[in-house]
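1. sequence first, predicted model second:
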Amino acid sequence: MTATSAAQVKPEMRPWLAHYPPAVPPVIDEAKVGTLADLIRSACETYAERPAFESFGKSITFAETGRAAQAFAAWLQGRGFKKGDRIALMMPNILAYPATIFGALIGGFTVVNVNPLYTARELTHQINDAGACALVVIENFAHVVEEALPNLKLDAIVVATAGDLMGFKGTIVNFVARKIKKVVKPYNLPGSVALKSILAQAAPMQPVTVLPQDVAFLQYTGGTTGVAKGATLTHHNVASNVEQSALWLGWGLEPPQGRSDYQHVMVTALPLYHIFALTCCCMFMLRIGAKGLLIANPRDIAGFVKILKTSRITLFSGVNTLYNALANHPEIGSVDFSELRFAVAGGMATQAAVAKHWKEVTGRPIVEGYGLSETSPVASANRPDIAEFTGTIGFPLPSTDFAIRDAEGNDVPMGEAGEICIRGPQVMVGYWQRPDETAKVMTADGFFRSGDVGVMLPDGQIKIVDRMKDMVLVSGFNVYPNEVEDVLASHPGVLEAAVIGLPDEHSGEAVTAFVVKKDQSLTAEELRAFCKENLTGYKVPKHIVFREALPKTNVGKVLRRALREEATTKR
C-alpha cells in the first residue's frame with residue numbers, strides 16, 4: 001500500500017493511527033525501500049568489523065559473512081545458474097545459513113527454505129514444486145536427500161557442516177557431531193560439493209542487477225492445514241516488512257547515551273528457514289547492525305539455557321511453547337536479562353499464564369505480534385513500550401490495513417468477530433504456480449484472507465480469537481480452542497495444553513483437551529472443575545487426555561491437526 005492509497009482510506013477506518021507512538025509515521029516510503037541485496041551489501045560494509053553471527057561460541061563479522069556470501073554467489077554463477085533460479089537451503093541455525101542465503105539473494109537467485117527435519121516425501125514435494133535446481137543441506141540430514149534423490153531433478157547438491165566458517169573450532173564441532181554425538185548418519189550423494197571448498201575458492205562474483213519485483217523467497221506454508229504451498233515473496237515484500245518493523249520497533253532500540261558502539265544481540269532460537277526468524281531475527285537485524293546469537297537446537301532447553309547463561313542478551317524472539325519451556329527451566333534464574341529491551345512472540349497465540357511467568361523471570365513483558373508466511377510475515381504488533389502483556393496482537397504496522405470481514409466479504413461492526421484480512425506492501429504476490437489457490441485468499445480490493453478469526457477493538461488493536469478451521473461447534477455454539485487452552489494453561493498443575501473438537505453423537509462435536517502435566521497428581525476431574533469456574537458449560541472439555549508431550553512443528557507450534565488425526569484413527 002503506497003502513501004497515496006493510504007490517504008484514500010477514511011480515517012475512522014484506521015483508528016489505530018491515533019495510538020501510534022509519535023516517532024512512527026502512518027506509512028513507509030516505499031520508493032526508498034530497495035532490495036534485500038541492497039540491505040545485505042549495506043550492512044556488510046557499514047558494520048564490517050562488528051560480529052554478525054555467533055554459533056557454538058564462535059563469531060564471524062559482517063565483512064566475513066559478506067565475503068562468504070559473494071563466494072557462494074560466484075560458485076552458483078560458475079555452475080551456470082541464472083538469475084531467478086531456485087536455490088533450496090536445508091539447514092538449522094548455523095553459520096552456513098546466513099552465508100548461503102545472502103549469497104543467493106545478492107546473486108539474484110530465489111531462495112527456497114526447507115525444514116531440515118522433513119522426510120524424503122516432504123522434501124520431494126517441496127523441491128519439485130519449487131523447481132529448485134540446487135540444494136544446500138547440512139550433513140546431518142544428507143541421508144534424507146539420498147533417499148529422495150531418485151525423485152529429484154537437482155543439478156547441484158552442496159553439503160554444509162555445523163563447523164563451516166568456524167576455522168579450527170569448526171573441526172572440533174564437526175568431530176563432536178560425528179564421533180561423539182553421532183548425529184551424522186552415513187550418506188552417499190555422488191557429485192555433491194562441500195560448502196567449505198566453495199567458500200575457500202573465493203572466486204569473484206559477476207555483477208547482478210536485483211530489482212524490487214524479483215522473487216526473493218518461495219516461503220512454503222507450514223502445512224498445518226494441508227499440502228504446503230509456496231508463498232511468493234519479492235524483494236520489495238520482505239524489504240518493506242523490514243522497513244515497517246524498523247519504524248515500529250526501532251525507536252525503542254536507541255543505544256544508551258554516549259554509546260555509539262552499542263550493539264544489540266538477538267537470541268535467534270527460531271529456525272531461520274521460518275519466516276518469523278528470517279525477517280525479524282535476520283533481515284531486520286542487518287538493518288540495525290545487530291548480532292544474531294544462533295541456536296542450532298532450541299529443543300535442547302538445558303543446552304539452550306547454558307548458552308544464555310554465558311551470553312549478553314538485548315533482544316529475544318520466540319513462540320509460546322519456547323517461552324513456556326524456558327521460564328519453567330530450573331536454571332533460568334541464572335541468566336542475566338538486565339540488558340533485555342524486549343521479547344517478541346508470534347507464530348501461535350501467546351497464553352497469558354506463560355507471559356506472566358516470563359515477566360516474573362525476566363522483568364520484561366512479551367511483545368506479541370502477528371503475521372503469516374504470506375505477509376512476510378509481520379502485519380501487526382504491540383508497542384515495544386508496553387508495561388504488561390496485552391493479550392492482543394497489537395496495532396497494524398505502518399502502510400498496513402486490517403479489515404474484519406464475514407463469510408460474504410462484508411466488514412463486520414467494530415467488536416464483532418470475523419476473518420482477519422490484511423493489505424499492505426508485505427503481502428505476497430501469490431502462491432507459486434497456483435492461481436486457483438491465490439484467488440481463494442486474495443480479495444478484489446487487495447486484501448489477503450488470513451483464515452484467522454479476530455476482533456478489532458475500538459482503539460484499533462486486534463485480538464485473535466482462533467483459526468477458522470480449528471473452531472469447535474458444540475450444539476450450534478462456537479468454541480474457540482485458544483480460549484479454552486488459555487484457561488487450561490492458567491492452572492498451576494498444567495505445563496501445556498491443546499484443544500480440538502472430536503465428533504460427538506449428541507452435540508455434533510465435543511471439546512477435547514490434551515494436557516501435559518506440571519503436577520503429576522493433577523486429575524481430569526480437578527481440571528474439569530477448574531474449567532467450570534472459568535468457562536461457560538459448553539466450552540468445558542468433555543474429554544481430557546493426559547500426555548507426555550504434544551506434537552509440534554519445528555518452530556514449536558502445536559499441531560492440532562496431528563492430534564485430531566491421531567484421535568480419529570483410534571476411534
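-> Cool, got the structure. Numbering: from 1, shown residues only.
2. chain center to the strand or helix carrying residue 561: distance?
-> Using DSSP states H and E, residue 561 maps to helix 560-570. How far helix 560-570 lies from its chain's middle: 25 Å, per CA atoms, centre = their mean, to the nearest Å.
3. counting by contacts, list what it packs against.
-> If contacts are counted by 3 or more CB pairs under 8 Å, 6 or more residues apart in numbering; DSSP states H and E, helix 560-570 sits against strand 494-504. For glycine as for every other residue, the C-beta is placed from the backbone atoms N, C-alpha and C.
4. identify the residues contacting the strand it packs on?
-> Strand 494-504 is contacted from outside by 321, 324, 328, 470-474, 479, 481, 484-485, 488-489, 509-518, 522, 527, 541-543, 550, 558, 560, 563-564, 567-568, 571, using CB atoms under 8 Å, 6 or more residues apart in numbering.
5. separation between residue 461 and residue 412?
-> For residue 461, the distance to residue 412 equals 16 Å [CB to CB, to the nearest Å].
6. just the CA atoms of stretch 462-478, as PDB, please.
-> Written as PDB, here are the backbone C-alpha positions of stretch 462-478 (Å, rounded to 0.1, in the frame of the first residue of the first chain):
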ATOM      1  CA  ILE A 462      -6.700  -6.700  17.100                       C
ATOM      2  CA  LYS A 463      -7.500  -9.600  19.300                       C
ATOM      3  CA  ILE A 464      -7.100 -13.100  17.800                       C
ATOM      4  CA  VAL A 465     -10.000 -15.500  18.500                       C
ATOM      5  CA  ASP A 466      -8.700 -18.600  16.700                       C
ATOM      6  CA  ARG A 467      -8.100 -20.300  13.400                       C
ATOM      7  CA  MET A 468     -11.400 -20.600  11.400                       C
ATOM      8  CA  LYS A 469     -10.600 -24.300  10.700                       C
ATOM      9  CA  ASP A 470      -9.900 -25.100  14.300                       C
ATOM     10  CA  MET A 471     -13.200 -23.700  15.700                       C
ATOM     11  CA  VAL A 472     -15.300 -26.300  17.500                       C
ATOM     12  CA  LEU A 473     -19.000 -26.400  17.000                       C
ATOM     13  CA  VAL A 474     -20.900 -27.600  20.100                       C
ATOM     14  CA  SER A 475     -24.700 -27.900  19.700                       C
ATOM     15  CA  GLY A 476     -24.500 -24.800  17.500                       C
ATOM     16  CA  PHE A 477     -22.300 -22.800  19.700                       C
ATOM     17  CA  ASN A 478     -18.800 -21.700  18.600                       C
END
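7. between residue 461 and residue 412, who's got more neighbours?
-> A count of neighbours by other CB atoms under 10 Å puts residue 461 above the other of residue 461 and residue 412, at 22 against 15.
8. surely residue 546 is in a strand?
-> Yes - secondary structure of residue 546 (DSSP: H, G, I helix; E, B strand; the rest coil): part of a strand.
9. about what we covered before: can you list which of the contacts of strand 494-504 are found in strands?
-> Here DSSP state E is the test, and these give 472-474, 479, 509-517, 543 as lying in strands.
10. quick check: the farthest pair among those?
-> Greatest spacing in the ones in strands among the contacts of strand 494-504, by CB to CB: 473 and 517 (28.6 Å).
11. what about the two, which has more around it?
-> residue 517 (18 against 12).
12. residues making contact with stretch 34-46?
-> 52, 62-63, 65-66, 69, 102, 105-106, 108, 208, 210-212, 214, 216, 235-236, 238-239, 242, 283, 286-287, 289.
13. buried subset of those residues?
-> 52, 62, 65-66, 69, 102, 105-106, 108, 210, 212, 214, 216, 235-236, 238-239, 242, 283, 286-287, 289 (16 or more other CB atoms under 10 Å).
14. show me the chain divided up by domain.
-> Following automatic domain parsing, one gets these domains for the chain: 1-32+235-259+304-467, 61-210, 471-570.
15. can you show me the helices along the stretch 151-300 of the chain?
-> Taking DSSP state H, counting those that start in this stretch as the criterion, the stretch 151-300 of the chain contains helices spanning 168-175, 195-201, 235-250, 275-277, 284-288.
16. in the first one, what counts as buried?
-> So that's helix 168-175. Residues 170, 173-174 are the ones in helix 168-175 that count as buried (16+ other CB under 10 Å).
17. thinking again about what came up before, buried ones in the helix holding residue 561?
-> Those would be 560-564, 567, for helix 560-570 by 16+ other CB under 10 Å.
18. any idea which residue sits dead centre in this structure?
-> Centre of the chain computed as the mean C-alpha position; nearest residue by CA atoms, centre = their mean is residue 276, 2.5 Å away.
19. identify the bridge partners of residue 503.
-> Taking DSSP bridges as the rule, residue 503 bridges to residue 509.
20. relative to residue 339, how far out is it?
-> Using CB to CB, residue 503 is found at 51 Å from residue 339.
21. what's the answer for residue 41, then?
-> According to CB to CB, residue 41 stands 29 Å off from residue 339.
22. out of the two, which sits in the more crowded spot?
-> Legend: neighbour count by other CB under 10 Å for residue 41 and residue 339, higher for residue 41 (19 against 13).
23. now that one: which helix or strand?
-> Using DSSP H and E, residue 41 maps to helix 36-46.
24. got a list of contacts for the helix or strand that comes right after that helix?
-> Moving toward the C-terminus from helix 36-46, the first helix or strand encountered (DSSP H and E) is strand 51-55. Contacting residues not belonging to strand 51-55 are listed as 43-44, 59-62, 64-65, 93-95, 98, 162, 166, 263, 291-294, 296, 311 [CB under 8 Å, 6+ apart].
25. stretch 511-524 now?
-> 328, 472, 474, 479, 484-485, 488, 491-502, 527, 538-550, 563, 567.
26. ditto for stretch 183-191
-> By CB under 8 Å, 6+ apart, the list of residues contacting stretch 183-191 from outside reads 139-140, 142-143, 145-146, 149, 156-157, 159, 177-178.
27. could you tell me the end-to-end distance of that stretch?
-> For stretch 183-191, the first-to-last residue distance is 23 Å (CA to CA, to the nearest Å).
28. re the thing from before, compile the buried residues of helix 560-570 into JSON lines and extend it with columns for pLDDT.
-> Below are the buried residues of helix 560-570 laid out as JSON lines (pLDDT from 0 to 100):
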{"residue": "560", "pLDDT": "93"}
{"residue": "561", "pLDDT": "89"}
{"residue": "562", "pLDDT": "92"}
{"residue": "563", "pLDDT": "95"}
{"residue": "564", "pLDDT": "90"}
{"residue": "567", "pLDDT": "86"}
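29. the helices in the stretch 401-550 of the chain, which residues?
-> Along the stretch 401-550 of the chain, counting by DSSP H, counting those that start in this stretch, helices occupy 435-441, 481-489, 524-534.
30. one step back: from the contacts of strand 494-504, list just the buried residues.
-> Buried subset of these (neighbour count, 16+ other CB under 10 Å): 321, 324, 470-472, 474, 479, 481, 484-485, 488-489, 509-515, 517, 522, 527, 541-542, 550, 558, 560, 563-564, 567.
31. pLDDT score for the residue lying farthest from the centre of the chain?
-> Ranked by distance from the centre of the chain (CA atoms, centre = their mean), the top residue is residue 506, with 39.5 Å. Residue 506 is assigned a pLDDT of 80 by the prediction.
32. can you report phi and psi for it?
-> Dihedral pair for residue 506: phi -100, psi -40, per degrees, to the nearest 10.
33. one more: residue 90?
-> Reported as degrees, to the nearest 10, the phi and psi values for residue 90 are phi -130, psi 80.
34. please name the residues that touch it.
-> By CB under 8 Å, 6+ apart, the contact list for residue 90 reads 114-116, 118, 123, 135-138, 141, 145, 273.
35. give me that answer again for 6 Å
-> Residue 90 sits next to 114, 116, 137 when contact means CB atoms under 6 Å, 6 or more residues apart in numbering.
36. same question for residue 241.
-> Contact analysis of residue 241 by CB under 6 Å, 6+ apart lists 279, 376, 378, 426.
37. next, the third one: phi, psi?
-> Listed backbone geometry of residue 378 is phi -80, psi 120, with angles given as degrees, to the nearest 10.
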